[in-house]
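Trainee: missing the sequence, but the structure's below:
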Ligand SMILES: [Zn+2]
């Protein structure tokens with residue numbers, strides 16, 4: 001894994017490479033931005049470069065440290081993340097003890113703290129002490145999807161670097177480079193909203209199964225059999241909460257795409273580019289107002305499910321709402 005393997009994030013990578021190659025790496029950096037867009041991969045390559053023993057063009061991929069990084073045995077590389085729901089104070093204390101020791105192989109130590117926003121307050125305060133009084137040569141790389149959840153005192157101790165999702169075009173091209181068909185890549189790029197990891201999972205054989213299930217459900221509701229509502233609710237009852245939330249996400253995309261068509265936007269704005277004909281075919285069944293109501297109803301159901309509401313009852317209420325909306329037109 002090297003810098004050139006990373007798709008996008010060109011400016012951030014340029015800056016990190018500059019700082020690394022000139023020996024100007026700050027003591028702590030915070031990589032923040034939405035989940036699944038490649039922050040960890042950047043952190044990992046940066047760590048490899050910082051530990052690499054080659055005189056230039058790091059990471060070299062062939063020194064002792066680079067080889068150890070590749071097989072997961074580099075003793076100067078520390079990588080922690082949540083243990084259960086949180087990063088606990090014991091984990092930070094262990095880290096503190098570890099970084100106080102001299103490096104084994106490289107000139108310094110590097111420590112990735114993944115999902116840093118999940119540190120308990122005690123853990124965060126403990127880390128703060130380490131950041132305030134650095135011991136030895138160590139670089140901390142904090143990764144966070146929700147930067148605002150971190151203590152401001154932690155953020156102020158780090159050089160903060162924001163990551164944005166990849167654009168549709170960059171991600172589509174990258175997927176095509178990986179050997180996927182252009183049309184499929186385009187759908188995956190859009191539905192993933194610029195997240196490489198998500199796009200790749202959508203491109204797996206069953207990757208679009210949940211999206212297609214959402215399409216089928218909307219189609220059933222459009223066909224107007226109220227019996228279907230109960231059938232679907234029974235299916236929802238058996239699904240895991242996270243899968244239902246994913247399904248709801250696709251309801252939103254479908255309605256949002258329909259809204260694009262109803263309001264006469266160009267098809268190139270669709271998330272579900274492959275469904276353009278199906279979407280246009282039923283667009284006449286919805287009014288702009290009904291679609292907005294539908295999108296709001298899905299959001300409400302999502303919030304209820306996140307607050308542990310009963311999946312069947314919440315699902316039923318939502319399906320009836322959507323059913324009523326398409327019936328009225
Ligand atoms: Zn190397």
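Mentor: Received, thanks. Remember, predicted model here, so these are calculated numbers, not experimental data.
Trainee: what's the neighbour count on residue 131?
Mentor: Neighbour count for residue 131, taken as other C-beta atoms under 10 Å: 16. The way it works is simple: take the backbone N, C-alpha and C, and place the C-beta from them, glycine included.
Trainee: okay, now stretch 266-280: how far is its last residue from its first?
Mentor: Counting by C-alpha to C-alpha, to the nearest Å, you get 12 Å between the two ends of stretch 266-280.
Trainee: I'd like the average pLDDT over that stretch.
Mentor: In this model, stretch 266-280 carries a mean pLDDT of 88.
Trainee: so the closest residue to the ion within the stretch 101-250 of the chain is in which element?
Mentor: Nearest residue of the stretch 101-250 of the chain to the ion: residue 106, at 9.2 Å (C-beta to the ion). Residue 106 belongs to no helix or strand when elements are defined using DSSP states H and E.
Trainee: strand partners (parallel or antiparallel) of the longest strand seen in the chain?
Mentor: Longest strand in the chain, counting residues (DSSP state E): strand 138-144. Partner strands for strand 138-144, per DSSP bridges, with pairing direction: strand 28-32 (parallel), strand 109-113 (parallel).
Trainee: show which residues not belonging to the helix or strand just after it make contact with it.
Mentor: Following strand 138-144 in sequence order, the next helix or strand is helix 152-157 (DSSP H and E). For helix 152-157, contacts defined as C-beta atoms under 8 Å, 6 or more residues apart in numbering pick out 28, 30, 116, 124, 127-128, 131-132, 142, 147.
Trainee: ok, which pair from these is furthest apart?
Mentor: Within the contacts of helix 152-157, 132 and 147 form the most distant pair, 19.6 Å apart (C-beta to C-beta).
Trainee: the more surrounded of the two?
Mentor: Neighbour tally, residue 132 and residue 147, criterion other C-beta under 10 Å: the higher count belongs to residue 147, 18 against 9.
Trainee: which residue, neighbours along the chain excluded, lies closest to that one?
Mentor: Closest residue in space to residue 147, ignoring its immediate chain neighbours: residue 32 at 3.9 Å, by C-beta to C-beta, 6 or more residues apart in numbering.
Trainee: what is the neighbour count of that neighbour?
Mentor: 21.
Trainee: wait, doesn't it sit right on residue 145?
Mentor: Yes: with contacts counted by C-beta atoms under 8 Å, residue 32 reaches residue 145, the gap being 7.2 Å.
Trainee: packing partners for the helix or strand bottoming out on mean pLDDT in the chain?
Mentor: Every helix and strand of the chain was ranked by mean pLDDT, DSSP states H and E. The lowest is helix 226-238, at a mean of 82. Helix 226-238 sits against helix 209-223, helix 311-328, with contacts defined as 3 or more C-beta pairs under 8 Å, 6 or more residues apart in numbering; DSSP states H and E.
Trainee: quick check: which of these is buried the most?
Mentor: helix 311-328 (a mean of 19; mean count of other C-beta atoms under 10 Å).
Trainee: show me what that helix packs onto, helices and strands only.
Mentor: By 3+ C-beta pairs under 8 Å, 6+ apart, helix 311-328 packs against helix 209-223, helix 226-238, helix 241-262, helix 288-306.
Trainee: the closest residue to residue 272 other than its chain neighbours: how many residues sit nearby?
Mentor: Nearest in space to residue 272, with sequence neighbours left out and distances taken as C-beta to C-beta, 6+ apart, is residue 257 at 5.3 Å. Applying other C-beta under 10 Å, we find 25 other residues in the vicinity of residue 257.
Trainee: check contacts around residue 257.
Mentor: Contacts for residue 257 (C-beta under 8 Å, 6+ apart) come out as 270-272, 275, 279.
Trainee: redo that, cut-off 7 Å
Mentor: Applying C-beta atoms under 7 Å, 6 or more residues apart in numbering to residue 257 gives the contacts 270-272, 279.
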